[in-house]
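> just a sequence and a predicted model for now, questions to come.
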Amino acid sequence: MSMAVSRRAILAGSAGALPLLRARPASAAPREIRFWHAMSGVNGERLEEMTRQFNAAQSDFAVTPIFKGTYDELINATVAAYRTRTQPQLVQIYERGFMTMLLSGAVVPVQELMAAQRHNINWADFIKPIAGYYTHKGELAAMPFNSSTPILFFNKAHFAKAGLEKPAETWQALEQQLRQVKAAGGPGSIMADDYHWSWFENYSAINDYQYATKNNGFGGLDTEFTYNRTPVVQQVGRMKRWMDDGLLQTAGQGVAAAAVFTSGRSATFIASTATHAAVMAAANLEWDAVPLPYEEGRTPRNSVIGGAVLWALRGHADADNAGTASFLAFVAKPETQVWWHKATGYVPATNAAYALAQSQGWYRERPTQEIAVKQLTRGEPTANSLGYRFGNFTQTMFAQREEAERAFGGQKPPQQAMDDAVSRGNEILRRFERLNAGRY
């Protein structure tokens, strides 16, 4: 089945699915709720569309979305704004910034906010790997918004030319398939810019390998990385072998990895389910998708999430908090969740929203958008698959990437590279632990 669908057709088909509420009557100027975010391109347009619908639905508040750059730029801007008391009411922060936000003293936990503003949210209905990641002391700290997980996109034409229908379920069998594709004159795989998330973090979760002590950081700030003592080391070696053999390539300076796949120049692409927006917009691309592979002999567990959540910031009048809570209640509605899911490829955050999408027949029309939900909800999360909770997570990730890329370039063997990555990462964790002693 061809999956080549125009972006215009998708958005036209999904735009009307936002929950319809009463039109705003003429009245005094609504109270402005500033919403800082990091979404650009198509998904940024969808975010703005969501806020417009909320603003048109009531007369008390007007959410103003303000793009603040990348996730890293946004969290830095948020910290600076809070110090100068110029912070917005609402901010979108990526999952790697969870510990920084949680321990900052600058936030109102979302369950506390919604209870104070008398919004009844079924918190137990949030999908476990999503809610679990952002839950502290039994309560959600922030509202899930754009949650994603990686899946494996593949070019059907390249696979068919090699006599293959779809990618295999295990890494070992997938490697043999990629060799067949190459032998048939096809290209290798393209590596996403955020490959660490898929190839190391989700790899560990799905295979139920420990990544760090203390339940991957959930159990305390004194967590330590241990992935240098797991098959992550062999995964780094596999990636180097694939690169050396022409089975895996990087996009190159200034080139988006997704563009390499959508132009037909790679056989597979492991990337966020939110890549659906770009893939579905590609012209003349025969594609499909499957869950991430796992190691032979392992029982695959759930994958872990990426993306971001919405944090309510302290220091605002109660009337502002009421507006923030009202918008968050709108975001949590199953109808809003389903519209967002259809328009962007991000997963619905609640079981009710997933059930609504099923009842509407959405997955018969777009079966690949159900892969991420099924992968996230596969089995009961273990201590190794609930997610990762590390202080200064972005810094530890950059250290890991630097060392992995030294292994890819032949400067270090995989074991030494991961030993050095863990050593550098643990130093970063200790600095965060000292700075936040007693807060967690």
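Structure's in. What do you need? Here the structure is a predicted model, which is why all the values come from computation and not from measurement. Residues are numbered from 1 along each chain as shown.
> the closest residue to Glu169 other than its chain neighbours: what's it in contact with?
Using Cβ to Cβ, 6 or more residues apart in numbering and skipping residues adjacent in sequence, the residue nearest Glu169 is Pro293, 6.1 Å away. Just so you know, the C-beta spots here come from the backbone N, C-alpha and C atoms, and that holds for glycine as well. If you count contacts by Cβ atoms under 8 Å, 6 or more residues apart in numbering, Pro293 has them with 152, 167-171, 173-174.
> 7 Å instead?
Neighbour list for Pro293: 152, 168-171, 174 [criterion: Cβ atoms under 7 Å, 6 or more residues apart in numbering].
> what does the helix or strand hosting Leu74 contact?
Using DSSP states H and E, Leu74 sits in helix 71-83. Residues outside helix 71-83 that contact it (Cβ under 7 Å, 6+ apart): 36, 38, 68, 87, 91-94, 97, 100, 106, 308, 313, 394.
> alpha carbons of that helix, as PDB, please.
Extracted C-alpha coordinates of helix 71-83, given in PDB (Å, rounded to 0.1, in the frame of the first residue of the first chain):
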ATOM      1  CA  TYR A  71      14.500  23.300  23.200                       C
ATOM      2  CA  ASP A  72      17.900  24.200  24.600                       C
ATOM      3  CA  GLU A  73      17.500  27.900  23.800                       C
ATOM      4  CA  LEU A  74      14.000  27.800  25.300                       C
ATOM      5  CA  ILE A  75      15.000  26.300  28.700                       C
ATOM      6  CA  ASN A  76      17.900  28.800  28.900                       C
ATOM      7  CA  ALA A  77      15.500  31.700  28.200                       C
ATOM      8  CA  THR A  78      13.000  30.400  30.800                       C
ATOM      9  CA  VAL A  79      15.700  30.200  33.500                       C
ATOM     10  CA  ALA A  80      16.900  33.800  32.600                       C
ATOM     11  CA  ALA A  81      13.300  35.100  32.600                       C
ATOM     12  CA  TYR A  82      12.400  33.600  35.900                       C
ATOM     13  CA  ARG A  83      15.500  35.200  37.500                       C
END
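> tell me which residues of that helix are tucked away?
71, 74-75, 77-78, 81-82 (16 or more other Cβ atoms under 10 Å).
> so which residue is smack in the middle of the chain?
Taking Cα atoms, centre = their mean, the centroid of the chain lies closest to Gly306, which sits 2.3 Å from it.
> outline the domain layout of this protein.
14-148+306-359, 150-303+382-435 (automatic domain parsing).
> from the chain's centre, how far out does the longest one sit?
Going back to what we said before, that points to domain 150-303+382-435. 14 Å (Cα atoms, centre = their mean, to the nearest Å).
> ok so, going back, adding distance to Lys374 and mean pLDDT, write the domains of the chain out as JSON lines.
Converted to JSON lines, the domains of the chain look like this (distance: least, Cβ to Cβ, whole Å; pLDDT from 0 to 100):
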{"stretch": "domain 14-148+306-359", "distance to Lys374": "10", "mean pLDDT": "92"}
{"stretch": "domain 150-303+382-435", "distance to Lys374": "7", "mean pLDDT": "97"}
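> can I get those in a markdown table including distance to Glu365?
Listed next are these as a markdown table, based on distance: least, Cβ to Cβ, whole Å:
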| stretch | distance to Glu365 |
| --- | --- |
| domain 14-148+306-359 | 9 |
| domain 150-303+382-435 | 11 |
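> quote the end-to-end distance of stretch 202-209.
One end of stretch 202-209 to the other measures 10 Å (Cα to Cα, to the nearest Å).
> tell me which residues in that stretch are buried?
202-209.
> now, the most widely separated pair of those residues?
Greatest spatial distance among those (Cβ to Cβ): Asn202 and Asp208, at 11.8 Å.
> ok, residues contacting stretch 247-257?
178-179, 182, 188-193, 239, 242, 260, 269.
> most neighbours among the contacts of helix 71-83, which one?
Within these, most neighbours by other Cβ atoms under 10 Å means Val91, with 30 neighbours.
> would you list the buried entries among the contacts of Pro293?
For the contacts of Pro293, buried by 16+ other Cβ under 10 Å: 152, 170-171, 174.
> among these, name the ones in helices.
171, 174 (DSSP state H).
> what is the nearest of the buried ones among the contacts of Pro293 to His341?
Leu152 (19.5 Å).
> thought that closest one was touching Ile270?
Yes - assessed by Cβ atoms under 7 Å, Leu152 is found in contact with Ile270 at 5.2 Å.
> do you know how far Asn55 is from Ala282?
33 Å (Cβ to Cβ, to the nearest Å).
> to clarify, my last question referred to Ser385.
32 Å.
> and if you look at Pro300?
Taking Cβ to Cβ, one finds Pro300 at 29 Å from Ala282.
> can you check Arg434 too?
Taken as Cβ to Cβ, the span from Arg434 to Ala282 is 48 Å.
> so for the two, which sits in the more crowded spot?
Ala282 (20 against 9).
> what's the more buried one sitting at in phi/psi?
Phi and psi for Ala282, reported as degrees, to the nearest 10, are phi -70, psi 140.
> wait, it touches Thr262, no?
Yes - Ala282 is within contact range of Thr262, at 3.8 Å (criterion: Cβ under 7 Å).
> hey, where'd the helices end up in the stretch 201-350 of the chain?
203-206, 213-216, 232-244, 257-262, 276-281, 318-332, 334-344 (DSSP state H, counting those that start in this stretch).
> tell me the most buried of these?
helix 203-206 (a mean of 26; mean count of other Cβ atoms under 10 Å).
> ok, and what's touching it?
Under Cβ under 7 Å, 6+ apart, the answer for helix 203-206 is 211, 227, 230, 232, 235, 292, 294, 300-304, 384-385.
> of these, which is the nearest to Ala115?
Nearest to Ala115 among these, with distances taken as Cβ to Cβ, is Val304, at 28.0 Å.
> let me see the ranges of the strands in the protein.
31-37, 61-67, 90-94, 107-108, 135-136, 139-140, 143-148, 150-155, 189-190, 248-249, 268-272, 287-290, 306-313 (DSSP state E).
> give the buried residues for the second one.
Using 16+ other Cβ under 10 Å as the burial criterion, the residues of strand 61-67 that qualify are 61-63, 65.
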